[in-house]
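In: model this:
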Amino acid sequence: MVDDKRRSRRNAALLAGVLGAILAVAVVMAVDVWSGAGDTGMSVHGYIAMGLGAVVTLLLGGGLMALLFFSNRRGYDDAAGARDEFDERE
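Out: Predicted coordinates for the structure are as follows:
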């Protein structure tokens with residue numbers, strides 16, 4: 001029992017380390033690309049568009065996840081998983 005807890009903690013720490021490393025690499029690459037763009041500037045309208053795009057994307061993702069959660073919770077997906085009517089092929 002104690003070994004399982006240690007193994008679980010070690011796996012969680014390893015996962016957190018790997019994900020942290022991936023995040024660090026992504027940030028370094030993003031900074032490199034952003035600074036490599038040179039003297040190209042972005043207007044206020046560009047920053048507004050980028051911010052609105054990020055917000056709408058997060059809202060869309062959250063809404064779709066909520067729909068998935070509620071659909072699964074209320075059993076709307078059960079009929080799609082039932083294969084009895086399709087098993088009788090001739």
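In: all helices of the protein, in order?
Out: 2-35, 44-74, 78-81 (DSSP state H).
In: would TSV of these with mean neighbour count and mean pLDDT be doable?
Out: The way it works is simple: take the backbone N, C-alpha and C, and place the C-beta from them, glycine included. Shown next, in TSV, are the helices of the chain (neighbours: other Cβ atoms under 10 Å; pLDDT from 0 to 100):
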stretch	mean neighbour count	mean pLDDT
helix 2-35	10	92
helix 44-74	10	94
helix 78-81	8	67
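In: Quick check: the gap between the most centrally placed residue in the chain and A54.
Out: The chain has G61 as the residue nearest its centroid, 8.5 Å off, counting by Cα atoms, centre = their mean. With distances taken as Cβ to Cβ, to the nearest Å, G61 is found 11 Å from A54.
In: Likewise for Y76?
Out: 30 Å.
In: So this structure: which segments form each domain?
Out: 1-38, 42-79 (automatic domain parsing).
In: Check the offset of the first one from the chain's centre.
Out: So the one you mean is domain 1-38. 15 Å (Cα atoms, centre = their mean, to the nearest Å).
In: same check, this time on stretch 34-52
Out: With Cα atoms, centre = their mean, you get 24 Å for stretch 34-52.
In: and the end-to-end length of that stretch?
Out: Using Cα to Cα, to the nearest Å, one end of stretch 34-52 lies 19 Å from the other.
In: What lies in contact with it?
Out: Applying Cβ atoms under 8 Å, 6 or more residues apart in numbering, stretch 34-52 turns out to have no external contacts.
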